[in-house]
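A.B. asks: here is my input, please return the structure:
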Amino acid sequence: MFKNIWKTYGHYLFIPLIIFFNFLLNWLIRNIEPRFMMASSLDRSVPFLKVFVIPYFLWMIFTIGVTVFLAIKTRKEFIQFSTFIVTGQVICMLIYLIYPNTQNLRPEVMSNDIFSRMILAIYRRNLVANTAPSIHVLYTLATHFGLMKYEPFSKNRYLTPLLYIFTLVSILSTLFIKQHSVMDVLSGIIVSFLLYILIYKEKPDGNKYGFKKFGKPKNIS
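C.D. replies: Numbering: from 1, shown residues only. Presented below is the predicted three-dimensional model:
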């Protein structure tokens with residue numbers, strides 16, 4: 001009986017594990033003094049676009065939703081997804097310990113519109129410390145790969161392109177609201193794709209996981 005319960009519900013233990021490592025990660029970020037600057041001249045050419053705070057906020061809701069969805073729907077894909085997240089958090093913590101970093105891109109937000117207030121709330125909650133690799137990018141790609149590994153989702157011709165668009169916009173949002181630098185994002189992508197190879201035992205394939213032109217291929221005669 002216990003074996004059946006463990007087989008059915010044991011994977012849910014990954015949820016408190018993810019939460020624990022998230023708290024540990026946040027503590028580490030706040031208690032390691034950054035010494036290396038990640039901002040570059042390339043970041044100065046990226047405009048500050050307040051409207052991108054919307055996908056940034058949606059990302060937080062989306063990540064929680066995907067975690068719960070995969071936990072309920074598919075044990076195997078949820079374990080892979082959770083292993084991706086936990087391992088990624090550990091790797092990022094090790095990098096922050098070895099290479100504590102920061103960026104100085106945040107503008108002075110003086111307006112009182114809704115977008116400005118949302119951005120200020122993000123700035124107050126998230127310190128500009130240990131931003132590379134970007135945890136935002138790590139979670140974004142983890143949810144992308146997790147959903148695309150779930151076959152009923154990956155075979156849906158409408159949801160797949162929407163996920164691809166949201167993944168791209170979510171990553172760009174961190175640049176446009178100056179929450180992360182280009183180097184933060186690139187390092188987050190590198191860590192995520194290395195984790196993909198490690199966890200899923202294969203190289204990322206655009207034709208399988210959303211990075212492709214959608215629709216049926218034309219026959220070549």
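A.B. asks: and the longest helix along the chain, what's buried?
C.D. replies: Assignment by DSSP state H gives helix 75-98 as the longest helix of the chain. Using 16 or more other Cβ atoms under 10 Å as the test for burial, helix 75-98 gives 75, 77-89, 91-93, 95-96. C-beta: built from backbone N, CA, C; applies to glycine.
A.B. asks: now do stretch 178-190
C.D. replies: Using 16+ other Cβ under 10 Å as the test for burial, stretch 178-190 gives 178, 179, 180, 181, 182, 183, 184, 185, 186, 187, 188, 189.
A.B. asks: returning to what we had before: next helix or strand past the longest helix of the chain?
C.D. replies: Next in sequence after helix 75-98, counting helices and strands by DSSP states H and E, comes strand 101-102.
A.B. asks: give the partner strands of that next one in its sheet and their orientations.
C.D. replies: The sheet places strand 101-102 alongside strand 36-37 (parallel), with pairing taken from DSSP bridges.
A.B. asks: show the average pLDDT along the partner strand.
C.D. replies: The pLDDT scores in strand 36-37 average 92.
A.B. asks: for it, the distance to its chain's centre please.
C.D. replies: Mean-position distance between strand 36-37 and its chain equals 22 Å (Cα atoms, centre = their mean, to the nearest Å).
A.B. asks: just name the shakiest helix or strand of the protein by mean pLDDT.
C.D. replies: Here the helix or strand of the chain ranked lowest by mean pLDDT, DSSP states H and E is helix 2-9, holding a mean of 60.
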